[in-house]
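In: Sequence plus predicted model, see below.
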Amino acid sequence: MKLLMHVCCAPCFIAPWKHLKDKEELEVTAFWYNTNIHPYTEFRKRLETLREFSTKEGFELIEDNSYKLLEFFEEALHGQKARCYYCYLDRMTKTAEVAKERGFTHISSTLLYSKFQNHELIVEIAKKVSERFGVKFYYEDFREYWKEGIELSKEDGMYRQQFCGCIFSERDRYEDYYHRKDKREAGENK
């Protein structure tokens, strides 16, 4: 089984890779395609970290370094649901397209590792895209490796980001953080 694994970042891949590489029936290749990541310096940091991990571990890495931020914004501005839907659809479609072109039998994604992503929506989209391109969707709930992945990536000294990559996610994270901080400080000043 030749698996093309969409990878959003090395820290999200480290634990799934550890478990996938030992499955004799699987030949795993990583695929970088992440047009949602902003700013460009963040995009490059994540790519460089994945390249380093690929070299260290010896797995093949296929890169599509397209940076279609304007296209992502145009689609994402339709609201929270639309932005995540588009993001998953875009990345899984490109993964399936490359898989078909290069003779892979299966696709999957490290998006299935994150506790913060819409797992069910990713699965739904991946199944539909797989059927459309004539490849199979390899499903595994990588969330069970969440803590292990955090520990492994820290031990490895990987660059670890604090948001999914899109500017909206970064805004949500920091807006929520500062909102809580401001409330705490206002309570202390009474």
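Out: Perfect, thanks for sending it.
In: Please list all residues in contact with Glu57.
Out: 17, 21 (Cβ atoms under 8 Å, 6 or more residues apart in numbering). Just so you know, the C-beta spots here come from the backbone N, C-alpha and C atoms, and that holds for glycine as well.
In: try 10 Å
Out: 10, 13-14, 17-18, 21, 30, 156 (Cβ atoms under 10 Å, 6 or more residues apart in numbering).
In: Among those residues, name the ones in strands.
Out: Ala30 (DSSP state E).
In: Take the contacts of Glu57 and write them to JSON lines, including pLDDT and neighbour count.
Out: Formatted as JSON lines, those follow (pLDDT from 0 to 100; neighbours: other Cβ atoms under 10 Å):
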{"residue": "Ala10", "pLDDT": "97", "neighbour count": "28"}
{"residue": "Phe13", "pLDDT": "98", "neighbour count": "29"}
{"residue": "Ile14", "pLDDT": "98", "neighbour count": "24"}
{"residue": "Trp17", "pLDDT": "98", "neighbour count": "24"}
{"residue": "Lys18", "pLDDT": "97", "neighbour count": "14"}
{"residue": "Lys21", "pLDDT": "96", "neighbour count": "13"}
{"residue": "Ala30", "pLDDT": "98", "neighbour count": "23"}
{"residue": "Asp156", "pLDDT": "96", "neighbour count": "16"}
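In: Adding distance to Arg143, write the contacts of Glu57 out as JSON lines.
Out: Listed next are these as JSON lines, based on distance: Cβ to Cβ, whole Å:
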{"residue": "Ala10", "distance to Arg143": "17"}
{"residue": "Phe13", "distance to Arg143": "14"}
{"residue": "Ile14", "distance to Arg143": "14"}
{"residue": "Trp17", "distance to Arg143": "15"}
{"residue": "Lys18", "distance to Arg143": "15"}
{"residue": "Lys21", "distance to Arg143": "19"}
{"residue": "Ala30", "distance to Arg143": "19"}
{"residue": "Asp156", "distance to Arg143": "20"}
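In: Among the contacts of Glu57, pick out the one closest to Asn118, please.
Out: Comparing the contacts of Glu57 against Asn118 with Cβ to Cβ places Phe13 closest, at 19.2 Å.
In: hmm, back to that, with the contacts of Glu57 in mind, which one is nearest to Tyr145?
Out: For the contacts of Glu57, the nearest to Tyr145 is Lys18 (7.7 Å; Cβ to Cβ).
In: So the closest one versus Glu188, what's the distance?
Out: 44 Å (Cβ to Cβ, to the nearest Å).
In: quick revisit: which among the contacts of Glu57 gets closest to Met1?
Out: Scanning the contacts of Glu57 for proximity to Met1, where the rule is Cβ to Cβ, the winner is Lys21, at 13.2 Å.
In: what sits against the closest one?
Out: 27-28, 57-59.
In: residue contacts, Trp146?
Out: 12, 15, 113-115 are the contacts of Trp146 under Cβ under 10 Å, 6+ apart.
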